[in-house]
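Trainee: okay, structure incoming, though there's no sequence with it:
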């Protein structure tokens with residue numbers, strides 16, 4: 001199957017084997033870290049940045065941003081980037097104190113003004129708690145003070161409230177006091193839980209977290225996605241019945257958009273390969289379907305999402321007939337695309353994944369990289385012009401930074417654990 005423009009060089013002539021390309025990736029990553037440093041809030045946590053890289057004072061600090069930036073700076077600290085370690089410590093402090101609900105446990109979605117502030121989102125969300133666990137795991141791998149205590153608290157919360165042994169997946173969200181659960185189950189929160197679980201397995205040397213990641217993947221990908229032609233079914237009711245018209249009236253939701261999200265298929269594709277590699281590395285059984293499904297997801301994402309409306313770039317969402325719904329191009333989708341292509345190239349050696357890898361970095365260089373103000377545009381319209389219909393500003397550097405890092409690393413162990421052992425491998 002040819003799904004990206006072929007090149008004429010030999011299949012062994014991968015960009016990833018070229019020192020100049022690796023230097024370019026490193027330089028891109030370092031520029032993203034430099035941009036992200038402006039998000040540090042003296043009061044604690046990290047601010048959402050606007051298009052020019054300035055903090056948006058009117059926006060309440062978010063736990064998601066704090067966790068993602070802490071994780072990203074931990075990866076930078078592990079590589080020896082000056083200033084990154086202090087920013088990890090800053091993030092640990094915020095996640096330990098400011099964002100934590102000391103009354104009921106768990107983490108707020110956003111920073112409260114006081115303990116009884118009625119204006120904040122007080123729900124306890126699996127999506128956010130997965131990122132807190134990921135940040136704590138990466139910070140622990142980086143050896144930062146207070147990280148292990150934060151990690152232990154995050155793990156206890158996941159196990160007590162979110163992980164469902166009966167379902168073999170994560171519950172979605174609860175009221176602040178944990179007494180009411182949401183009658184919804186989401187693939188997005190479970191996908192990022194897989195990401196966090198793989199990191200927990202490595203940092204804690206606890207294979208149970210890989211087992212749980214495999215359980216989630218088996219249900220959501222090998223059962224539901226494979227049956228849907230490797231399009232990731234995103235929304236379910238509390239009994240795990242597919243909810244295909246969920247958010248039909250809010251098609252551009254940031255985290256739960258209507259329909260199908262090609263970018264998530266790309267993200268899942270890479271995660272399945274990370275999971276497979278992690279299982280094999282520890283002598284654990286890795287089902288053959290992990291590779292088969294990773295390829296199926298990748299191909300389905302490209303077939304349905306890439307240039308779906310005739311212009312280059314991945315559309316954000318499509319409907320169940322594969323027609324574009326939200327045509328905006330999100331930076332995280334193309335970032336996950338290059339990471340998935342690199343992972344599949346490393347795993348299979350097939351030239352077609354190199355084709356996509358090259359084509360998509362060319363696209364990022366042409367359209368996504370903001371050479372005037374720094375970082376990447378978080379959203380482009382259907383004509384590949386900067387836009388803000390779904391995302392405004394440049395909230396964090398998590399997806400873009402990982403796109404510059406992951407292609408330079410083996411598929412296992414997870415990035416922070418690997419860099420703690422072999423920081424030279426990122427060079």
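Mentor: Nice, I can see it. Every value quoted in this text rests on a predicted model; they were computed, and no experiment measured them.
Trainee: tell me who's in contact with the nearest residue to residue 234 once chain neighbours are set aside.
Mentor: Setting aside the residues directly before and after it, residue 234 is nearest to residue 187 in space (CB to CB, 6 or more residues apart in numbering), at 4.8 Å. C-betas here are computed from N, CA, C, even on glycine. Residues counted as contacts of residue 187 (CB atoms under 8 Å, 6 or more residues apart in numbering) are 220, 232-236, 264.
Trainee: now residue 151
Mentor: 133, 136-137, 139-140, 203-204.
Trainee: which among those residues gets closest to residue 374?
Mentor: residue 139 (24.8 Å; CB to CB).
Trainee: can you get me a residue count around the closest one?
Mentor: 30 (other CB atoms under 10 Å).
Trainee: pretty sure it contacts residue 145?
Mentor: No: judged on CB atoms under 8 Å, residue 139 makes no contact with residue 145 at a distance of 9.3 Å.
Trainee: identify the contacts common to those two.
Mentor: residue 92.
Trainee: what about the helices in the stretch 251-400 of the chain?
Mentor: 262-281, 289-305, 331-348, 351-363, 398-405 (DSSP state H, counting those that start in this stretch).
Trainee: same check on the stretch 101-250 of the chain?
Mentor: Under DSSP H, counting those that start in this stretch, the stretch 101-250 of the chain gives helices at 126-141, 147-157, 187-203, 208-217, 226-227.
Trainee: okay, the ones you listed in CSV with distance to residue 241 and mean pLDDT next?
Mentor: CSV is the format used below for the helices of the stretch 101-250 of the chain (distance: least, CB to CB, whole Å; pLDDT from 0 to 100):
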stretch, distance to residue 241, mean pLDDT
helix 126-141, 19, 98
helix 147-157, 27, 98
helix 187-203, 13, 98
helix 208-217, 17, 98
helix 226-227, 13, 98
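Trainee: out of those helices, nearest to residue 334?
Mentor: Going by CB to CB, the one of the helices of the stretch 101-250 of the chain nearest residue 334 is helix 187-203, 17.5 Å.
Trainee: now, the most widely separated pair of the contacts of residue 151?
Mentor: 139 and 204 (13.2 Å).
Trainee: hang on, the earlier thing: name the stretch among the helices of the stretch 101-250 of the chain that sits most buried.
Mentor: helix 126-141 (a mean of 28; mean count of other CB atoms under 10 Å).
Trainee: just how off-centre is it within its chain?
Mentor: 12 Å (CA atoms, centre = their mean, to the nearest Å).
Trainee: same for that helix, what does it pack against?
Mentor: For helix 126-141, the packing partners by 3 or more CB pairs under 8 Å, 6 or more residues apart in numbering; DSSP states H and E come out as helix 63-78, helix 84-93, helix 147-157, helix 187-203, helix 415-421.
Trainee: now tabulate those helices in TSV and tack on distance to residue 273.
Mentor: Converted to TSV, the helices and strands packed on helix 126-141 look like this (distance: least, CB to CB, whole Å):
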stretch	distance to residue 273
helix 63-78	19
helix 84-93	27
helix 147-157	25
helix 187-203	11
helix 415-421	14
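Trainee: between the ones you listed, which gets nearest to residue 211?
Mentor: helix 187-203 (8.6 Å).
Trainee: was I right about residue 347 contacting residue 292?
Mentor: No: using CB under 8 Å, residue 347 makes no contact with residue 292, being 11.5 Å away.
Trainee: higher neighbour count, these two?
Mentor: Set residue 347 next to residue 292 and count neighbours by other CB under 10 Å: residue 347 wins out with 19 against 14.
Trainee: who's in contact with the more buried one?
Mentor: Per CB under 8 Å, 6+ apart, neighbours of residue 347: 273, 276-277, 291, 294, 411.
Trainee: would a markdown table of those residues with distance to residue 285 be doable?
Mentor: Compiled in a markdown table, the contacts of residue 347 are given as follows (distance: CB to CB, whole Å):
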| residue | distance to residue 285 |
| --- | --- |
| 273 | 16 |
| 276 | 10 |
| 277 | 13 |
| 291 | 14 |
| 294 | 17 |
| 411 | 17 |
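Trainee: could you dump the residues you listed to TSV with pLDDT, neighbour count and distance to residue 35?
Mentor: Output for these, formatted as TSV (pLDDT from 0 to 100; neighbours: other CB atoms under 10 Å; distance: CB to CB, whole Å):
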residue	pLDDT	neighbour count	distance to residue 35
273	99	26	29
276	99	24	33
277	98	21	31
291	98	16	36
294	98	28	31
411	98	20	28
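Trainee: now the residue nearest to residue 390 when sequence neighbours are not counted: how far from residue 326?
Mentor: With CB to CB, 6+ apart as the criterion, residue 390 has its nearest non-adjacent residue at 4.8 Å, and that residue is residue 252. Separation of residue 252 from residue 326 (CB to CB, to the nearest Å): 5 Å.
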